[in-house]
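Student: curious how this folds, go ahead:
(one chain, ligands or ions: 1)
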Amino acid sequence: MSHTSPAGNSAGGTSGPDTASLILEALGTFTWRLARTALGLLWWAVLFPMLSLPAALAAYTWWHLGWVDAACVAVALVIGLISWALVHPASWRAAVSARIRARRRRWRYRKGWARQCALHGLTVMLDRVPLVPRLGKIRIAAATDVLAVRMVSGQTLSDWTAKSEALAHAWQVPSVTAMSPAPGVVVLTVRTRDPLAQPILLSAAESTDLHRVPAGVTEDGHRWTVRLADRHMLVAGATGSGKGSVLWSLLAGIGPAVHDGVCQLWVIDPKGGMEFGAAQTLFTRFAHSAAEDALELLRDAARVLADRADRLRGIARQHTPTRAEPLIVVVVDELASLTAYQTDKKLGAEAAQLLSLILSQGRAVGVVVLAAVQDPSKEVVAFRQLFPTRIGLRMTEATQVDMALGQGSRAASALCDQIPDRQPGVGYVIEDGAARPIRVRAFLVTDAQITDIAARYALPTPDAREAEHAEK
Ligand SMILES: Nc1ncnc2c1ncn2[C@@H]1O[C@H](COP(=O)(O)OP(=O)(O)OP(=O)(O)O)[C@@H](O)[C@H]1O
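Tutor: Below you'll find the model as predicted:
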């Protein structure tokens, strides 16, 4: 085997052109990098004028007045920027730090994309050429980044779901979820921090708007509101998952409407009044002891429903709550106890029949059901699709998610079985017609707040109401 040494090259007179081309190549690379950096800096200067203009001013001063004046200007500008960040952090964040963070994160995703895909087995080899899924639009928000990816042929959503946990470790974030909104596309939601990690205390609600009842906070940091006026709602979760807090948050939210008389609470508490007894001053009906009481309540709700339907037929397609004809919210704490667990099968069957009547016909006439369920059993699954709003809190098994919330809910990233024990009140909201579940946390309602709600929004006595009407 022949081997040519550098000395040999030199002796053969070939070193001249090689060295020259090496120098030329190095110069070319250097110039290219310099131009790229200069362009990059120019682009950043355009993107962040609030930083580039002060820097330009300092440079201008240095050029015309010397370095002492320039140093003074630079110090004054730095103090100005620091004061801005301290005095008005929100505008500083919006104009500078959040935008820099977003740029940096985007750059990091793009730079490491091919490598991460290869490391996680998400590239496909074709004729020894690796095909890398194309990273499309990246949206950076305060707590979540959303990456749109064009999958390589042959891949399915489950390939990405299987790698979600590994990607979360690789990016060092709490979680990554994958969903496919369109054929060939996968959307990765990267949760970079968790605004729902800490309990969120109930804050005062003084609205009687039954279309936007405050219930907690969404993971984007917005207020989570629930449309109760014309929607039945099911809350499912294991014991201790915070079902009570969702119901209490809503009761607190509709308290003003209850006090005002445009909404009535008809409550079934099979735990003997343990859960809701403290706020019975708000309730028009309260069934907490005998199964027969609960059934009577449901029969009456069905009667109201039939009366209203008769009256509204041909006049209005949707009921508007008024004091004369309020919205009736039938609250059922533990739905399954009404049907499957009844000792008397006949009562159970009648309860199931009444429930499905109210669930299928109540919305249009202002009779809605707000129910909690612990065990997504067969009986509950039968009602599930009649609840347009379903909330899944922590569950013990992955299979329960689809049983409680509907087929495909878990695949659409309602990961109720992955909610940690230490986060009661955290869950996923599924609305009929919505593209994907929203992660939320219900307010934590303390015993003192319940006492306060019970006193503040207690139903007025008929005399008090009459006096109030006379005043108006
Ligand atoms: N939104 C919340 N934020 C913080 N802590 C909460 C929240 N909801 C509930 N908790 C805590 O978790 C505990 C259990 O909550 P809760 O009783 O509401 O659960 P549950 O699902 O109704 O349980 P069960 O089915 O046994 O009645 C509460 O005592 C409270 O300390």
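
Student: how far away from the center of its chain is stretch 173-188?
Tutor: 15 Å (Cα atoms, centre = their mean, to the nearest Å).

Student: can I get the CA coordinates of that stretch in PDB?
Tutor: Output in PDB follows, covering the C-alpha atoms of stretch 173-188 (Å, rounded to 0.1, in the frame of the first residue of the first chain):
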ATOM      1  CA  VAL A 173     -39.300  19.600  30.400                       C
ATOM      2  CA  PRO A 174     -42.200  18.200  32.500                       C
ATOM      3  CA  SER A 175     -44.100  16.600  29.600                       C
ATOM      4  CA  VAL A 176     -44.500  16.300  25.800                       C
ATOM      5  CA  THR A 177     -47.700  15.200  24.300                       C
ATOM      6  CA  ALA A 178     -48.400  14.300  20.700                       C
ATOM      7  CA  MET A 179     -51.600  14.500  18.600                       C
ATOM      8  CA  SER A 180     -52.400  14.400  15.000                       C
ATOM      9  CA  PRO A 181     -54.900  17.100  13.900                       C
ATOM     10  CA  ALA A 182     -54.500  16.200  10.200                       C
ATOM     11  CA  PRO A 183     -53.200  13.300   8.100                       C
ATOM     12  CA  GLY A 184     -49.400  13.300   8.000                       C
ATOM     13  CA  VAL A 185     -49.100  15.900  10.700                       C
ATOM     14  CA  VAL A 186     -48.200  15.500  14.300                       C
ATOM     15  CA  VAL A 187     -48.300  18.400  16.800                       C
ATOM     16  CA  LEU A 188     -46.100  18.100  19.800                       C
END
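
Student: contact partners of that stretch?
Tutor: 133, 146-151, 155, 157, 160-161, 164-165, 167-168, 189-194, 411-413, 415, 418, 435-436 (Cβ atoms under 8 Å, 6 or more residues apart in numbering). (Glycine included, C-beta is placed from N, CA and C.)

Student: need the residues of the stretch 351-472 of the chain near the ligand, please.
Tutor: By Cβ under 6 Å from any ligand atom, the residues of the stretch 351-472 of the chain that approach the ligand are 374, 424, 425, 441, 442, 443, 444.

Student: which of those residues sit farthest apart?
Tutor: Maximum pairwise distance in those, criterion Cβ to Cβ, is 20.5 Å, between 374 and 443.

Student: more neighbours, the two?
Tutor: residue 443 (25 against 22; other Cβ atoms under 10 Å).

Student: what sits against the more buried one?
Tutor: Residues near residue 443 by Cβ under 8 Å, 6+ apart: 200-203, 214-217, 245, 248-249, 252, 425.

Student: now the buried members of the residues you listed.
Tutor: Buried members of the contacts of residue 443, counted by 16 or more other Cβ atoms under 10 Å: 200, 202, 214, 215, 216, 217, 245, 248, 249, 252, 425.

Student: point out the residues in the protein that sit beside the ligand.
Tutor: Residues of the chain lying close to the ligand (Cβ under 6 Å from any ligand atom) are 199, 237, 239-245, 374, 424-425, 441-444.

Student: and the buried ones among those residues, selectable in PyMOL?
Tutor: Selection of the buried residues among these in PyMOL, burial being defined by 16+ other Cβ under 10 Å:
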select buried, resi 199+237+241+242+243+244+245+374+424+425+441+442+443+444
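
Student: and the strands in the stretch 1-150 of the chain?
Tutor: Counting by DSSP state E, counting those that start in this stretch, the stretch 1-150 of the chain has strands at residues 124-126, 129-131, 134-140, 144-150.

Student: got any ranges where this structure has weak pLDDT?
Tutor: 1-17, 204-205, 316, 340-344, 378-379, 462-472 (pLDDT under 70).

Student: select the longest helix from it.
Tutor: Longest helix in the chain by number of residues (criterion: DSSP state H): helix 15-47.

Student: measure the nearest residue to residue 364 once chain neighbours are set aside to the ligand for me?
Tutor: Distance criterion Cβ to Cβ, 6 or more residues apart in numbering; nearest residue to residue 364, sequence neighbours excluded, is residue 318 at 5.9 Å. With distances taken as Cβ to the nearest ligand atom, to the nearest Å, residue 318 is found 32 Å from the ligand.

Student: okay but residue 318 is in contact with residue 308, surely?
Tutor: No. Between residue 318 and residue 308 there is no contact under Cβ atoms under 8 Å: 11.3 Å.

Student: so if I had to pick from these two, which one is more boxed in?
Tutor: More crowded of residue 318 and residue 308, by other Cβ under 10 Å: residue 308, with 20 against 11.

Student: and the strands in the stretch 251-400 of the chain?
Tutor: For the stretch 251-400 of the chain, applying DSSP E, counting those that start in this stretch gives strands covering 263-268, 283-287, 327-333, 367-373, 389-392.

Student: want to throw those into TSV with distance to residue 356?
Tutor: Listed next are those as TSV, based on distance: least, Cβ to Cβ, whole Å:
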stretch	distance to residue 356
strand 263-268	16
strand 283-287	19
strand 327-333	13
strand 367-373	10
strand 389-392	16
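
Student: in TSV, list the ones you listed along with mean neighbour count and distance to residue 299.
Tutor: Shown next, in TSV, are those (neighbours: other Cβ atoms under 10 Å; distance: least, Cβ to Cβ, whole Å):
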stretch	mean neighbour count	distance to residue 299
strand 263-268	25	11
strand 283-287	20	11
strand 327-333	25	12
strand 367-373	25	12
strand 389-392	26	25
